[in-house]
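A.B. asks: kindly generate the corresponding structure for this input.
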Amino acid sequence: MSEETIEITPKEKSSRLKEFISNPRKGLWTLAIPTMLGMVVQTVYIIVDMIFVGRVSGEALTALAFNMPLIFFATGISFGLGIGVTATIAKFIGAERKQSADNSAEHAVMLGVIIGSFFTFIGLLWGKRFLSTLGVPPNLLELAWSYFRIMATGHIFVVMSIFFRSILSGEGDMKTPMLIQGGSTLLNIILDPILIFGLGMGVRGAALATVVSAGVSASAFAYFLLVKGHAYIAFTLKDFKISREIVEKIFKIGIPSSFSMVIMSLGSGAFNKILISFSGDPVAAYQVGHRVDHFFLMPAIAIASSAVTLVGMFYGAKRRDLLQQIIKYGMSRAVYIGLGMGAIIFTFAPQIMALFSDDVGITTAGIHYLRIMVFSYPFIAISMMSGRILQGLGHGMPMLVITFLRVLLVSISLAYVFVYWMNKPVEWVWIAMVISMLVSAAVAYTWLFVGLKRVMIK
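C.D. replies: Numbering: from 1, shown residues only. Below you'll find the model as predicted:
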């Protein structure tokens with residue numbers, strides 16, 4: 001049996017599943033490239049917001065930076081459950097249980113409506129208090145709240161887009177989300193300068209541009225899935241019944257993933273509180289640098305995200321041979337990408353930071369952040385791949401434990417010790433983050449190794 005082309009058994013009838021089984025490596029890139037492009041366009045509008053807001057003033061950029069943990073908290077819950085939806089649908093398709101896959105998608109729509117409405121309500125009711133708790137200075141509180149209030153109003157559009165995309169990812173369609181996200185990002189880029197500068201709305205204009213773009217994106221997804229019937233997945237909402245099996249499968253993977261996102265959001269807020277003890281510049285630099293990390297690691301993130309679908313399908317189809325092949329191949333490629341992107345960012349860090357702000361304090365802190373954090377990129381790739389593969393196998397808890405270890409037990413604890421006990425400069429906060437990535441990668445890879453041995457024995 002060749003490593004490149006593998007015989008398809010009669011049971012493997014789904015056309016997309018056939019394609020992935022016949023050539024797993026090609027299947028990984030078939031999923032990863034559209035996923036990466038979708039992530040690129042999604043991240044571009046966040047970066048574009050920061051670039052435009054940074055041109056308003058350094059204070060405006062800092063106010064926007066303080067919003068990021070709260071926004072990430074709300075979207076993180078949805079992303080986590082979305083991973084549960086993707087893995088569940090992929091497994092049902094692999095096991096040729098299409099009706100269950102369809103019903104899983106219907107559960108995803110229901111969850112999106114409930115979660116989106118809940119976060120809109122909570123955000124409008126207590127958002128300003130949350131911002132104050134996160135350490136927003138009094139002189140920036142109204143500015144930060146003016147951005148968050150608009151974002152909270154339209155958050156349901158963001159949530160529904162996430163769940164619709166997760167449904168398509170579960171069946172292996174990454175192209176449609178890429179096209180829809182590309183269109184909404186282009187709209188966001190067009191609206192940003194008009195609303196921020198043309199109408200003089202400042203940070204409120206950036207928020208409104210994002211909300212309008214998210215509304216267009218959610219509407220497009222709804223049309224293609226619910227009206228046009230574009231997907232392999234079919235919706236018969238009038239016959240929808242809540243299934244305990246499906247809810248348990250989604251939540252078994254999704255809840256730990258969501259809590260992982262919550263921990264990262266809390267960690268981001270905690271780092272802001274530590275960094276503000278120096279000044280507002282490191283806070284803005286950290287949030288900008290974090291977005292740069294995400295942008296350049298998107299190829300590795302895309303491979304890891306695609307692994308959830310492939311691992312789920314191969315596991316559901318009981319093809320352990322393909323599991324080993326795709327895990328080894330995907331892991332090595334993600335690490336190579338981490339090494340290459342790290343070298344690029346280390347070299348061009350000054351030019352990258354200059355795109356976001358002309359404030360010397362922000363750019364200097366950002367350059368130091370980037371040139372230290374790049375040493376963690378290969379370890380981020382290992383940790384991320386290990387966690388996503390385990391999710392594809394139906395295990396959501398490892399990602400939660402690994403995230404808790406990395407963010408709360410290691411990075412924040414070390415940063416606190418370095419800053420408040422040892423009186424180290426702000427660069428030691430970045431060093432604490434790198435150490436935490438190394439530790440979490442070792443734990444994640446060990447967990448994956450043990451988990452795979454159990455799968456192969458079964």
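A.B. asks: give me the helix or strand of this structure that scores worst on average pLDDT.
C.D. replies: Scoring the helices and strands of the chain by mean pLDDT, DSSP states H and E places helix 15-22 at the bottom, with a mean of 67.
A.B. asks: how far does the helix or strand that that helix is followed by sit from its chain's centre?
C.D. replies: Moving toward the C-terminus from helix 15-22, the next helix or strand (DSSP states H and E) is helix 24-56. On the basis of C-alpha atoms, centre = their mean, to the nearest Å, helix 24-56 sits 10 Å off its chain's mean C-alpha point.
A.B. asks: kindly report the same for stretch 157-169.
C.D. replies: 12 Å.
A.B. asks: same check on stretch 285-293?
C.D. replies: Distance, centroid of stretch 285-293 to centroid of chain: 14 Å (C-alpha atoms, centre = their mean).
A.B. asks: could I get the average pLDDT for that stretch?
C.D. replies: The predicted model gives stretch 285-293 an average pLDDT of 85.
A.B. asks: with just CA atoms, put that stretch into CSV.
C.D. replies: C-alpha atoms of stretch 285-293 as CSV (Å, rounded to 0.1, in the frame of the first residue of the first chain):
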residue,chain,number,x,y,z
ALA,A,285,2.3,46.5,21.6
TYR,A,286,1.2,43.2,23.1
GLN,A,287,-2.2,43.2,21.4
VAL,A,288,-0.7,44.3,18.1
GLY,A,289,2.1,41.7,18.4
HIS,A,290,-0.3,39.0,19.3
ARG,A,291,-2.3,39.7,16.1
VAL,A,292,1.0,39.6,14.1
ASP,A,293,1.8,36.2,15.7
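A.B. asks: touching that stretch from outside, list them.
C.D. replies: For stretch 285-293, the surrounding residues in contact (C-beta atoms under 8 Å, 6 or more residues apart in numbering) are 43, 46-47, 50, 54, 61, 64-65, 68, 268, 271-272, 275, 345, 352-353, 356-357, 362-366, 368-370, 373, 377, 429. Quick note: C-beta positions are derived from backbone N, CA and C, even for glycine.
A.B. asks: those residues, buried ones only, as a ChimeraX selection?
C.D. replies: Selecting the buried subset of the contacts of stretch 285-293 in ChimeraX, with 16 or more other C-beta atoms under 10 Å as the burial test, is done by:
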select :43,46,47,50,54,61,64,65,68,268,271,272,275,345,352,353,356,357,362,363,365,366,368,369,370,373,377,429
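A.B. asks: how much does the one helix or strand Ala152 maps to deviate in direction from helix 24-56?
C.D. replies: Following DSSP H and E, one finds Ala152 within helix 138-153. Orientation of helix 138-153 against helix 24-56 (axes from the mean of the first three to the mean of the last three C-alpha atoms, to 10 degrees) gives an angle of 140 degrees.
A.B. asks: packing partners for helix 138-153?
C.D. replies: Here helix 138-153 touches helix 58-94, helix 98-133, helix 203-222, going by 3 or more C-beta pairs under 8 Å, 6 or more residues apart in numbering; DSSP states H and E.
A.B. asks: and the contacts of the last one?
C.D. replies: Contacting residues not belonging to helix 203-222 are listed as 45, 49, 52-53, 56, 60, 63-64, 143, 146-151, 153-154, 156-158, 160-161, 164-165, 177, 180-181, 183-185, 187-188, 191-192, 194-197, 199, 201 [C-beta under 8 Å, 6+ apart].
A.B. asks: burial measure for the spatially closest residue to Gly58 that is not a sequence neighbour, as a count.
C.D. replies: Once flanking residues are discounted, Gly58 sits nearest to Asp359: 4.3 Å by C-beta to C-beta, 6 or more residues apart in numbering. Residues lying near Asp359 (other C-beta atoms under 10 Å) number 21.
A.B. asks: list the contacts for Asp359?
C.D. replies: Gly54, Gly58, Leu61, Asp281, Ala284.
A.B. asks: so which two of these are the farthest from each other?
C.D. replies: By the measure C-beta to C-beta, Gly54 and Asp281 form the most distant pair in those, at 12.1 Å.
A.B. asks: give me the common contacts of these two.
C.D. replies: Counting by C-beta under 8 Å, 6+ apart, the residues touching both Gly54 and Asp281 are Asp359, Ile362.
A.B. asks: report the secondary structure element holding the residue nearest to Thr35 when sequence neighbours are not counted.
C.D. replies: Residue nearest to Thr35 in three dimensions, not counting chain neighbours: Ala302, with 4.1 Å by C-beta to C-beta, 6+ apart. Take DSSP H and E as the rule and Ala302 turns out to sit in helix 298-316.
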